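Enquirer: Sequence and predicted structure are below.
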Amino acid sequence: MSELASKTCVPCRGGVPPLKGQELANFHEEVPKWKVANDHHITREFKFPNFRTALDFVNRVGEVAEQQGHHPDILLSWGRVEITLWTHKIDGLTESDFIMAAKIDQLQSS
């Protein structure tokens, strides 16, 4: 289990600056399969053999999102799931986004 995956998301109350520069790069190293877009959000595409398997994965992601109180944008299509994370309250990335990414990676490998 990655160190990030063992952490718990912390609700953002606003007023916190989004991650930038080396701090952002350090978190990204922990979840290298995710793409950082415009220093604003992270995204990853997952492939599955059929719709049912993709849907099951989305439901498991939903359970973790509810437990963590941190909810991704999810696009589900046949054999494909695209997940995008960012912290809406500050319109940028926080540690919680990378924690969720690590937890989602764990689901995908289980």
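Expert: Yep, it's here.

Enquirer: Name the helix or strand for Leu55, please.
Expert: For Leu55, the host element (DSSP states H and E) is helix 51-68.

Enquirer: Quick one: residues in contact with that helix.
Expert: 8-9, 46, 48, 71-72, 74, 76-81, 83, 96, 99-100, 103-104, 107-108 (Cβ atoms under 8 Å, 6 or more residues apart in numbering). (Glycine included, C-beta is placed from N, CA and C.)

Enquirer: And the residue nearest the centre of the protein?
Expert: Ala101 (3.1 Å; Cα atoms, centre = their mean).

Enquirer: three-state assignment of that one?
Expert: Classification of Ala101 by DSSP: H, G, I helix; E, B strand; the rest coil places it in helix.

Enquirer: Can you list the buried residues in stretch 34-41?
Expert: Residues 34, 36, 41 are the ones in stretch 34-41 that count as buried (16 or more other Cβ atoms under 10 Å).

Enquirer: same deal with stretch 42-62?
Expert: So for stretch 42-62, counting by 16+ other Cβ under 10 Å, buried means 42-44, 46, 48, 54, 57-58, 61.

Enquirer: So in terms of bridging, what pairs with Ala37?
Expert: When bridges are called by DSSP bridges, Ala37 pairs up with His41.

Enquirer: Strands along this structure, start to end?
Expert: 35-37, 41-47, 73-77, 80-85 (DSSP state E).

Enquirer: Pull the residues that contact the first one.
Expert: What that stands for is strand 35-37. With Cβ under 8 Å, 6+ apart, strand 35-37 has contacts from 24, 28, 42-44, 93.

Enquirer: Asp73 against Thr84, yeah?
Expert: Yes - counting by Cβ atoms under 8 Å, Thr84 is a contact partner of Asp73 at 4.3 Å.
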